[in-house]
Every structure is written in C-alpha cells, then in structure tokens.
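Enquirer: Output the structure for:
(one chain, ligands or ions: 1)
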Amino acid sequence: MIMDYFLGLDCSTQSLTGTLVDSSQTKSISSYSINFDKELPQYKTQNGVYISNDGKVVHSDPKMWIEALDLLFNKFVQLNLPLEHIKAISGSGQQHGTVYLNNSFESILKKLDSHQPLVNQLENVFTRKTSPVWMDSSTTKECEEIRHTLGGMEATIKLTGSNTFERFSGPQIRKLFKQNYEEYSNTSVIHLVSSFLSSILLGKNSPIDHGDGAGMNLMNIETKQWDRRALDATAPHLLQKLPSLTHSYEVIGTISPYFVEKYDFAPDTLLIPWSGDNPNSLIGIGLTTERKAAISLGTSDTYFAYLKQISVDLSAEGHLFGAPTGDYMGLICYKNGSLAREKIKDMFNLSWKAFSAILRTTPPGNYGKIMLPYFFPEIVPLVLKPEVYRFGFSEDDSEGNVRAIIEAQFLSMRLHSEWVREEPEEIYATGGASTNIEILEIAANIFNTNIRQFDITNSAALGAALRSSKSYYDSIGNEIDWTELVDQFLNIQKSVVIIPDKRYIALYNDMVKVYQKCESYILKNGEDPEPYRQEFIKKYFGN
Ligand code: XUL
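Expert: Have a look, this model is predicted:
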C-alpha cells in the first residue's frame, strides 16, 4: 500500500527537527533531530546561539542551519525513510530572526549542484555573516524611533499587531541600516529564518507567510500587506528587499532539483510556506477553535491561543500573529524559559529527576519565597538588564530556588496572559519541559485549569507536517476541515490530563497578587511588597 507522507521541519533555537506523518488510514508520526551544539560543534554555538557579554546581542549562524538540513536529510536516507513518497513539505522557524543576502542568492539556488553540500555553495550569499535571533534585545533605541514615527504605542499595536519589540525584525533591520549602511545597501533580500529555509527547498526566493510576517512590525495586521508607513519608519528602500507575503496555506511550488537528485524526493513534492514556530505549534497542538490555550515550554516559554477575530493587547506585552488557518493567534513570550530552569538545575548540580523530586516535596506557595527569574533579559515584563531577585530566601537555598523558578514562571504567565485568556476549558502543554509532570502540576494549580500533555513534544514540526497535508489534500480537491485534521492526530497520541488541586486555588490567587507587588516594586518603583508577603506567609504557613 502506498502511503501519503508529509514532512514538517522545525529550525528552532537549539536544533533542527524533521517530523514525518503518514496521513492515510494508518496514521503515524515519527521525528528525528540534529542538535546544533552537539552535531555541528564547528560553529561553536552555545544552546544554538552566540551571546554578547552584556547578554543583549544574540545571533546565530545561518550556514549552520543549512548544514543541519543536509545532515538531517542524510540521516533520513540512512534510516531508509520513504522520502520519495512525501507529498508535501512545510516548516517552522524560530520567529523574528533575519537573514541578509546579496543578489547572488537566487541565482545560486537555481543552479545548486547535488554533488556538493549546500553550505559550500551558499557560502558567499550572505551580506551579514550572522543573523540576529529572537533572543536579541539590543534595539531599544530603534524600537523607540519606529514607535514614535508610527504615532506612538497604541497606533503601532493597532497597525502591526504588536508594540515594537527588541527582537522583532523591523527594529533589527533598522539597527543594521543605522550601524552598517554598507551591509544594508549590499543586501538584496532579507528573509526570516522560516522563509530563508523555505527558499532553500524551493530553489528560489520564498514568500513570507502571514503568521511569521506579523512578528516583524512591518505587516499591517488587518490587510496582511507590507505597510508603507512601517517600512518607511524602519529603513529606506525596504520594500524592494522584502519577499512577498502569502497565506500560510498557499502552495508555493515544488521541491528544488537539488533535493530530488541528492535525496530521491519526488520531483512533484509540493512546498507550502514555512511559518514561525508558534503559529505552527498552534496547529500541531490542535488549537483551531477558541476556548483552548497552549503553553509551550521550550527555549522560549510561550502562552498562546487561537483567535477568530483581531484582538490586540493594548498593555503592549502580547502579540497578535496570523494563524495558519487564515485567522489569528494571541501570544506572550518569555525568554527565561528552559535556559533559566537549567541554570537553577545546574547551580545545584541536580539531575532533572532530582529537580522534580524537590518540586514534589516542597509546598505550593514555597513558604512565601518568591523569585523574579531574569537570568536573561526578559520580554514579559520588559527587563533589559538581567538580574535575579529573591524575596525571603538566598541564592544557596536549593529547594527554595527550584520551586521558586517554576512558580515564578507560571505566576508571571497567569498575570500577563489575561488579555488573551478567555477562561480556557483546558490548556495544552507542549515543548521539551512539558514531559515534566511536576512542572505541569504547578502550572495546573496556578492557572486552576486542566492541563493536557501529549506524546509529541515538538508540536511545531508536527504542525508544519499537518499544514502541508492540509494544503496537499485541498490542492487535489480532497478538502479536509482544520479541526478534523488536527483531531485525527491528537487522537492517535497518548495524553495525560493534570487536574488542578482545588486546595490551592485561594493560595495561588493570593500569591499572584504578592508576585505582582514584587514585580512592580522592582520594575516600576512600586510599594514595598514585604508586608503583603508576610501576610501571605502568616495565612498559609502560620508564622
Ligand atoms: C515568539 C518568540 C519565540 C521564538 C523562538 O515571539 O520570540 O517563541 O519564536 O521560539
């Protein structure tokens, strides 16, 4: 029996993953990864990136991503995966990162030699050797300038779906234009991580989809076109350097002969535009209707939900992106996700098992020990200078620190996600750390909502594979509804539901208020949180 296979690729901060799904009667999902630090050590990245001493400038190497693509496909061949039966491919990229290319990029893509590795042939196409990625927070000045030209914060949010953010592509492009005009003017095309890798597979410049395009401060969120005012506020002649925009579900062509000759893909394999990791995860985790939300616990922690209508966050912390269905999604993003959890784990030389054991044996509320975990500059709330603040405990209290980091992450998420939180019936969990049930128990108690965890933790790659299957079936007149499609793949996975413990509702309702006091004390010169913290301790821990 010939099966219909679909491939979803995910170029995330730390790895490149390929997820293959079989969409015929016998549904199946399998995943393979290349870890950048381990398998491409010559690039000398740490957790996939290069970080400047002050933590503000964070770049990665686009050559590493394309070398990883060849490595992954070689792995597929060694594993005898049925590449010739793949009907369509799409992908997912860490959002906001930009790749700067000269005018030889497209001509080289059109004549790639399948006997040579991609990276050798594409060595000279970059006008900027490294790419700023989502962890970069070095463009505060440019954010201010663009926001000011666009008429202030509210106008910027209404126009582009988000306030200007340091990591967003527009401010990053403006920084290059201001600081290195020569590199900027030598650049013929600026891609996102997603559209860059999509171009490699396509063999010519790929469009940017509305999901990832919304993370640039350059796209009009209503018309889904590049916005003249935003472009002019960012850098001159920008329109001619940007690829076109497209619906996430459009078929953009067939796979480049390079991959047909080298890896035996069928020449008619369809390509669907890549999108950002979060829009892809929305599909991979099955959020195609309202009243459900997801938490993604990866290098970045995100909280997101599907939205039928435009709804922006005028408090300026959240983002409105396009959803791959053609609708919208609301999202908040934290930089202190898995790398911050790892910092605490490593500080006390713990294994993840020992880390979880501490979470099991320490009490909800942590005896009033509260942490503001800004190990890295933070996005929500905006913290440019990294520093960890501890209330009521010291740096060497292992148990206090372990519970405090996890409680802090979800208290902050609860506090800052209110604008997108239409009382979800259930929250779906994805990302590497979602396998840690103790972490999810704390999340369930803090949100007072059921949390469902699925087998597949890379929902971005799965989402990309499902998106490509939807576009393929639509293209052959076999239309399938989004919800029906995602449900088929959610139903074949095992899932665990974590139910909140009602005993802790009041405790966390109170603790979120104390947490907020601590946050505003440190970041906004708010009142001293200590009396409130002491009251909390007295109420729940009796001394
Ligand atoms: C979202 C964001 C991160 C990156 C990397 O706005 O910056 O989630 O997409 O995962």
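Enquirer: near the ligand, which residues of the stretch 101-250 of the chain show up?
Expert: Trp134, Arg167, Gly215 (CB under 6 Å from any ligand atom). For glycine as for every other residue, the C-beta is placed from the backbone atoms N, C-alpha and C.
Enquirer: mind redoing it with 8 Å?
Expert: Residues of the stretch 101-250 of the chain lying near the ligand by CB under 8 Å from any ligand atom: Val133, Trp134, Met135, Phe165, Arg167, Gly215.
Enquirer: Looking at neighbours, which among these is most surrounded?
Expert: The residue in these with the most neighbours, by other CB atoms under 10 Å, is Gly215 (32 neighbours).
Enquirer: Assess the claim that that one and His319 are in contact.
Expert: Yes: using CB atoms under 8 Å, Gly215 is in contact with His319, at 6.9 Å.
Enquirer: Find residues that contact each of those two.
Expert: Ser162 (CB atoms under 8 Å, 6 or more residues apart in numbering).
Enquirer: count of residues packed around the residue nearest to Leu411 when sequence neighbours are not counted?
Expert: The shortest distance from Leu411 to any non-neighbouring residue, by CB to CB, 6 or more residues apart in numbering, is to Tyr515 (4.3 Å). Neighbour count for Tyr515, taken as other CB under 10 Å: 27.
Enquirer: who does the helix or strand Tyr515 falls within touch, helix- and strand-wise?
Expert: Using DSSP states H and E, Tyr515 sits in helix 505-524. Under the contact definition 3 or more CB pairs under 8 Å, 6 or more residues apart in numbering; DSSP states H and E, helix 505-524 sits against strand 370-374, strand 387-391, helix 398-416, helix 437-447, helix 530-541.
Enquirer: mind checking which of those is nearest the ligand?
Expert: For the helices and strands packed on helix 505-524, the distance to the ligand is smallest for helix 398-416, at 13.2 Å, taking CB to the nearest ligand atom.
Enquirer: quick one: buried residues of the next helix or strand after the closest one?
Expert: Where DSSP H and E defines the elements, the next helix or strand beyond helix 398-416 is strand 426-430. For strand 426-430, the neighbour count (16 or more other CB atoms under 10 Å) marks Ile427, Tyr428, Ala429, Thr430 as buried.
Enquirer: so which residue of the stretch 301-450 of the chain comes closest to the ligand?
Expert: Cys333 (3.9 Å).
Enquirer: Could I get the phi/psi values of that residue?
Expert: Phi and psi for Cys333, reported as degrees, to the nearest 10, are phi -130, psi 130.
Enquirer: restrict the buried residues of strand 426-430 to those near the ligand?
Expert: Counting by CB under 8 Å from any ligand atom, no member of the buried residues of strand 426-430 reaches the ligand.
Enquirer: wait, which of these is closest to Asn509?
Expert: Closest approach to Asn509 among the buried residues of strand 426-430 (CB to CB): Ile427, at 17.2 Å.
Enquirer: residues touching the closest one, list them.
Expert: Going by CB under 8 Å, 6+ apart, Ile427 touches Lys292, Ala293, Ala294, Ile295, Ala443, Ala444, Phe447, Thr449, Asn450, Ile451, Arg452.
Enquirer: C-terminal to the host helix or strand of the fourth one, what's the next element?
Expert: Under DSSP H and E, the secondary-structure element containing Ile295 is strand 292-297. In the C-terminal direction, the helix or strand that comes right after strand 292-297 (DSSP H and E) is strand 301-307.
Enquirer: and after that following strand, which helix or strand comes next?
Expert: strand 319-322.
Enquirer: among the contacts of Ile427, which ones are buried?
Expert: Counted by 16+ other CB under 10 Å, these give Lys292, Ala293, Ala294, Ile295, Ala443, Ala444, Phe447, Thr449, Ile451, Arg452 as buried.
Enquirer: Pull the contacting residues for the fifth one.
Expert: Ala443 makes contact with Ile295, Phe410, Met413, Ile427, Ala429, Ile451, Ile498, according to CB under 8 Å, 6+ apart.
Enquirer: same thing with the second one?
Expert: The contact partners of Ala293, by CB under 8 Å, 6+ apart, come to Leu287, Tyr303, Phe304, Ala305, Ser417, Val420, Arg421, Pro424, Ile427, Tyr428.
Enquirer: Any chance of those residues in a markdown table with distance to Glu67 and pLDDT as columns?
Expert: What follows is the contacts of Ala293, written out as a markdown table (distance: CB to CB, whole Å; pLDDT from 0 to 100):
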| residue | distance to Glu67 | pLDDT |
| --- | --- | --- |
| Leu287 | 33 | 96 |
| Tyr303 | 33 | 97 |
| Phe304 | 31 | 97 |
| Ala305 | 36 | 96 |
| Ser417 | 37 | 93 |
| Val420 | 37 | 83 |
| Arg421 | 41 | 65 |
| Pro424 | 40 | 87 |
| Ile427 | 37 | 96 |
| Tyr428 | 33 | 96 |
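Enquirer: Name the nearest of those relative to Lys158.
Expert: Closest to Lys158, out of all of these and judged by CB to CB, is Val420, at 16.3 Å.
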